[in-house]
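Enquirer: Generate coordinates for the sequence data below:
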Amino acid sequence: MDADSCGETPILTASCLGHEHIVQHLIARGDLISKEDEINALELLGSTFAEKKPRHCLQVLETSYAGKVVQSRTGINTRQYFIAGDVTAGVAAILILKQNSKSIHNIAIDQNEYQTPFNQYFKEISTPLQLEKLQGNTSAIDTHSLLVKMRVLGLVHRTTIDAIKGKGEEFAANGQLKECFVLWMYTLETHQRILDVLNPKRFFFLMSLTNLFLDKVFTQPLPSNILLYFEESMNLFENCTQEIIIGISRTQRIPGVKKTLDFYYLDRIIPVAMHLMLLLTKLKPILLPVQIDRVKDAVRKLVKLNPIDSKGVSLMHFSCATSVFCRAEGATVFPFPSLEVLNLLLEAGANPCPRDIFGNTPLHILGKHRKVPGDMLEALLKAGAHLDMKNAQGHSFESLRASRGQKLRQLVNPVHHTSLQCLAAASIRRHGIPYKGVLDKQLERFVDFH
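Expert: Just a heads-up that it's a prediction; the model follows:
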């Protein structure tokens, strides 16, 4: 009867798969299954039948509720019960639920969290009368089935995750966006509390929620309840920023090697942050000044972290790239490069010419496009980007455009964006004048770039 690595005992496995005869056989033994485990197994069996036999599901749940009432009367206190009314009269308002187990496989809703958004939208039924009212209400039975899975199996169990994903998608399809967000956000935050940063389950619902809102923005007119979109998008963005902080903190020193980062999580999480920024810029025209200030403060916090991926690609590079994509209604959407995101980053104090491991700046990224967005080019140059800065292959923005048959003057007047300092640095490099150890270190780096 031992639990496996997922915290699942044989009777719970039988309940998950709907093998009622095995569940009843193990319970009938008497010496194998505790009363607590028996009730859990019956509730989980009822949850499984909810997907296949809704009527049978209620019969199984009635059995488990009878067991709960008996358990309360006999003083078995494995779960903390909150009894409202007279138990002897059959009124057992058992408001779920706090188990003694602290393992990650049985994360339960703490009684102190009763007023959280999750508990405002999702409550297990607590009286026989409420159980009776489920009759014929398929949606309510499905929701209760999910809550039972979350409690008995925990939020990291594969069966629970599949059920949460499916129920959230059903909510979203029915226009119940708030319910979907609350359910998935609760799951996401629980996973972030208990799972290691490299666990893919930690990332799954963050991406799912981001795609949900992007889908609404790119495929439908903005709804009247735009405040909901803003609040939830901001919550997601702030959550994502915290995840980036965790990713950056995974810095370790290896003997004989310079400081290195474990970029696995950052490579996945930074594009999500970019999409959430894009989402906020789409909402910006109809936001209140106080909401716009909140967006700017959140972006400023992220910019100060200066997150980069394994190839040295920064937020500024991402804003100018075409390789950042998302999915909406099953179709692939390429919303970048984005002038709105670029301006938001620049306003937050982002460096206009960071370099990746190949020496590319955001201008180089724009220079590689089939067609250069003129407004983005102007924004970068106005912020202080250098037209003559070269990458590791010796290419400048001008040479990249020349390779596509376009002259620089067709895009911009270079005289307006070329400083005397740039001309001097280029002359030093062109004539091979020694400067290492002669110039100040900062000036050396400046000449290097030219």
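Enquirer: excluding its backbone neighbours, what's nearest Gln120?
Expert: Once flanking residues are discounted, Gln120 sits nearest to Val182: 7.9 Å by CB to CB, 6 or more residues apart in numbering. In this view, the C-beta of every residue, glycine as well, is placed from N, C-alpha and C.
Enquirer: from what I can see the one you found touches Lys167, true?
Expert: No. If you go by CB atoms under 8 Å, Val182 and Lys167 don't touch, sitting 11.3 Å apart.
Enquirer: In three-state terms, how would the closest residue to Arg404 other than its chain neighbours be classified?
Expert: The shortest distance from Arg404 to any non-neighbouring residue, by CB to CB, 6+ apart, is to Arg370 (7.5 Å). Following DSSP: H, G, I helix; E, B strand; the rest coil, we place Arg370 in the coil state.
Enquirer: which stretch of helix or strand covers the residue nearest to Gln120?
Expert: helix 177-194 (DSSP states H and E).
Enquirer: now Leu206
Expert: Going by DSSP H and E, Leu206 is in helix 200-219.
Enquirer: can you pull the buried residues of that helix?
Expert: Across helix 200-219, burial judged by 16 or more other CB atoms under 10 Å covers 201-210, 212-218.
Enquirer: got the phi/psi numbers for Glu36?
Expert: phi -60, psi -50 (degrees, to the nearest 10).
Enquirer: count of neighbours near it?
Expert: For Glu36, the neighbour count with other CB atoms under 10 Å is 17.
Enquirer: Report the contact partners of the residue nearest to Gln120.
Expert: Pro117, Phe118, Gln120, Tyr121, Phe122 (CB atoms under 8 Å, 6 or more residues apart in numbering).
Enquirer: I figured Ile357 hits Ser314, correct?
Expert: No. Contact criterion CB under 8 Å: Ile357 and Ser314 do not qualify, at 11.2 Å.
Enquirer: Pick out whichever of these two has more residues nearby.
Expert: Using other CB under 10 Å as the criterion, Ile357 and Ser314 rank with Ser314 on top: 21 against 12.
Enquirer: Please list all residues in contact with the more buried one.
Expert: Here Ser314 is in contact with Asn306, Pro307, Ile308, Ala350, Asn351, Pro354, Asp356 (CB under 8 Å, 6+ apart).
Enquirer: ok, these vs Ser139, which is closest?
Expert: Pro307 (41.1 Å; CB to CB).
Enquirer: Where does pLDDT dip in this structure?
Expert: 52-115, 127-128, 131, 218-228, 251-262, 324-334, 449-450 (pLDDT under 70).
Enquirer: top helix in it by residue count?
Expert: helix 226-249 (DSSP state H).
Enquirer: excluding its backbone neighbours, what's nearest the residue nearest in space to the middle of the chain?
Expert: With distances taken as CA atoms, centre = their mean, the chain has Leu206 as the residue nearest its mean C-alpha position (1.6 Å). In this structure, Leu206 finds its nearest non-sequential neighbour in Leu188, 5.6 Å apart by CB to CB, 6+ apart.
Enquirer: Run a quick neighbour tally on the one you found.
Expert: Neighbours of Leu188 (other CB under 10 Å): 24.
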